[in-house]
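Visitor: Pasting the sequence and the predicted model now:
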Amino acid sequence: MTVHSAVQLAFDGSTVDGSMFTTVTDFARDTPWLNTPIELWTNAGLGVFAVLMLMGWWNARRRDTRSMSLALTAPVAVVAAFAVAEVAKKLVAEVRPCYSLPHDYFVDVCPARTDYAFPSGHSTTAFATVAALWLLDRRLSAFAAVFALLEGFTRIYVGAHYPHDVIGAALLALPVAYLASLLMGRLATPLVAHLRTGVLHPLLTAAPAGTHAAR
């Protein structure tokens with residue numbers, strides 16, 4: 001089967017919520033002053049999730065070994081969720097909205113036809129971070145959730161994904177990242193406990209706040 005024929009068999013997601021997608025892209029057309037900031041944010045905003053995980057690691061230095069294990073495995077859990085999403089993307093083979101709804105308004109450039117839409121990779125990363133941080137720090141997880149919702153909206157706004165691509169990413173990423181983080185956090189605890197007594201001690205352990213002042 002040629003690439004062209006495979007594309008012809010690809011799933012047309014516009015039949016699911018194409019009208020909702022068009023409502024959002026019409027809003028994008030009516031707010032041209034927002035187009036560039038949101039287009040920049042939709043990619044650069046992923047850095048927020050990396051920062052939140054770094055904050056989780058930094059705070060875990062003053063907590064127990066289990067917390068540090070969760071902090072170190074959080075990025076791995078996110079990668080695991082992303083990998084599962086990539087497999088799902090190949091299986092579903094949903095063509096991008098720019099091919100199914102070519103007359104809609106699009107901020108983002110139209111990718112190759114074989115760059116499928118479901119689920120959203122950006123949203124997968126975002127919501128996977130929410131789940132991975134939930135076990136470590138509920139406050140950081142809440143911040144991640146707010147930014148994940150924003151990330152999902154920007155993916156629709158720029159025309160890269162349908163709403164169900166974002167929802168599907170969340171439904172996939174949350175349980176996969178949570179379970180991966182839970183499992184790897186437990187498995188890594190003995191190793192992290194050992195590393196905390198070695199040369200990596202300064203990176204994995206810090207004196208509790210106020211220790212020096214108490215002395």
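Guide: Yep, that arrived. Residues are numbered from 1 along each chain as shown.

Visitor: count of residues packed around F118?
Guide: The burial count assigned to F118 is 25, neighbours taken as other Cβ atoms under 10 Å. (C-beta placed from N, C-alpha, C; glycine too.)

Visitor: Let me see the contact set for it.
Guide: Applying Cβ atoms under 8 Å, 6 or more residues apart in numbering to F118 gives the contacts 11, 13, 88-89, 92, 94, 161-162, 164-165, 168.

Visitor: Could you grab the helix/strand/coil label for it?
Guide: Three-state assignment for F118 (DSSP: H, G, I helix; E, B strand; the rest coil): coil.

Visitor: what's it sitting at in phi/psi?
Guide: For F118, the backbone dihedrals (degrees, to the nearest 10) come out as phi -110, psi 130.

Visitor: which stretch of helix or strand covers the residue nearest in space to the middle of the chain?
Guide: The structure's the chain has its C-alpha centroid closest to T125; by Cα atoms, centre = their mean the separation is 1.5 Å. Element membership for T125 (DSSP states H and E) is helix 121-134.

Visitor: Please name every helix or strand in contact with that helix.
Guide: Counting contacts by 3 or more Cβ pairs under 8 Å, 6 or more residues apart in numbering; DSSP states H and E, helix 121-134 is packed against helix 46-60, helix 65-92, helix 138-157, helix 163-195.

Visitor: Quick one: closest of those helices to L34.
Guide: Judged by Cβ to Cβ, the one of these that comes nearest to L34 is helix 138-157, at 7.9 Å.

Visitor: tell me the mean pLDDT over the closest one?
Guide: For helix 138-157, mean pLDDT is 96.
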